[in-house]
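**Q** Quick one, structure for this:
(one chain, ligands or ions: 1)
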Amino acid sequence: VEAEFIEWLRDRVAASSAVLTGIGDDAAIIRLPGPLAVLTSDMLMDGVDFELESADMRRIGRKALAVNLSDVAAMACRPVAAVISLALPLSRARWYAEEFYAGLLPLAEKYSVAVAGGDTNTWNGPFVVNITLLGTPPQAGPALRSGGQVGDEILVTGEFGGSILGRHFDFEPRVAEAIWLREHEEVHAAIDVSDGLSLDLFRLAAASSCGAEIDLSQIPISAAAHELAEGSESSGSALDHALSDGEDFELVLAVEAESAARLVSSQPLSVPLTRIGRLVAEPGLWQISPGNPRAPLKPRGWEY
Ligand SMILES: [Mg+2]
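**A** Numbering: from 1, shown residues only. Below is the predicted model:
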């Protein structure tokens, strides 16, 4: 892509004290506040993750960064800088690129993410974007999937299900919430829900060498999940949607019991925290509901 576009982009990218050398040299130079960095990468492809014909390129630009922010949030880390690579269809390449960045840059600014570089290519193929995001852990260190302990309560942010109706584009990554929780309470493990609440919870529990027991009556079900369930007889219940739809990009946290009780009663975040179950010694996923014996629950969600 022509030098003129690089100029166009450089004029729009916010300056950051973390970036000593950004767009314009052969590589970026980043200053990190500590010895550890977290690094994550996510690719979105036309025809797989969205249909460009019916999607809005600004929303795709926002989402491409937001999914990476959600992964950094799932480590309870602070995002610092991103490198962004685009493969643009030859026809309308410049317009697509400008629309993409018009969607992405406001979110980058909101979360203080420096756009430090990347690559912008054109080809006779579909639109593809890859973003690699660099972050740094808080004082308490990054939260891993594997830190959960038997007896931890399982807390979630927000609501689940039906993201296909719009929230999969417009969700807010839980960056500030995750860092606050990690710094103030005993958060042992975390994951963000990209593929489905039951599946991602199962992954956290398995990584922690535990099982998880979910109280089905406590799952926060979104209005969109109800809408989907009522819209079609074949689509399953609102609870099914909440357990398996995916792309909620909410946090699932394994929290020490006293910390969890304090968080649920004080609700310190701008998004609700709900207790949906606990980690148990028996491996696998278990469902409990009022008046019923405990039974296995099959983890469901999006699997590649
Ligand atoms: Mg993730």
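**Q** When you work out contacts or count neighbours from here on, use the C-alpha atoms and nothing else.
**A** Noted.
**Q** name the helices or strands packed onto the longest strand seen in the chain?
**A** In the chain, assigned by DSSP state E, the strand with the most residues is strand 78-89. Packing contacts for strand 78-89, counted by 3 or more CA pairs under 8 Å, 6 or more residues apart in numbering; DSSP states H and E, involve helix 57-74, helix 93-110, strand 114-123, strand 128-136.
**Q** That one vs helix 57-74, what angle?
**A** With axes from the mean of the first three to the mean of the last three CA atoms, to 10 degrees applied, the angle from strand 78-89 to helix 57-74 works out at 150 degrees.
**Q** Flag every residue of this protein that's near the ion.
**A** Counting by CA under 5 Å from the ion, the residues of the chain lying close to the ion are 71, 192.
**Q** Strands of the stretch 151-300 of the chain, start to end?
**A** Shown for the stretch 151-300 of the chain, the strands assigned by DSSP state E, counting those that start in this stretch span residues 153-157, 187-192, 211-215, 251-255, 273-280, 284-288, 295-296.
**Q** before we move on, the earlier item: can I get the helices and strands packed on strand 78-89 in TSV including mean pLDDT and mean neighbour count?
**A** Shown next, in TSV, are these (pLDDT from 0 to 100; neighbours: other CA atoms under 10 Å):
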stretch	mean pLDDT	mean neighbour count
helix 57-74	98	25
helix 93-110	97	18
strand 114-123	95	19
strand 128-136	98	21
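**Q** Ok, which of those comes nearest residue 185?
**A** Comparing those against residue 185 with CA to CA, the closest turns out to be helix 57-74 (15.3 Å).
**Q** Distance from the chain centre to the closest one, please.
**A** Helix 57-74 sits 7 Å away from the centroid of its parent chain (CA atoms, centre = their mean, to the nearest Å).
**Q** Residue 255 and residue 156 touch, don't they?
**A** No. The pair residue 255 / residue 156 is not scored as a contact, 10.2 Å apart, by CA atoms under 8 Å.
**Q** the more surrounded of those two?
**A** Of the pair residue 255 and residue 156, residue 255 is the one with more neighbours under other CA atoms under 10 Å, namely 29 against 26.
**Q** Nearest to the ion within the stretch 1-150 of the chain, name that residue for me.
**A** When scored by CA to the ion, the stretch 1-150 of the chain has residue 71 as its residue closest to the ion, at 4.5 Å.
**Q** any idea how far residue 249 is from the residue lying closest to that residue once chain neighbours are set aside?
**A** Once flanking residues are discounted, residue 71 sits nearest to residue 192: 6.5 Å by CA to CA, 6 or more residues apart in numbering. Look at residue 192 and residue 249: by CA to CA, to the nearest Å, they are 6 Å apart.
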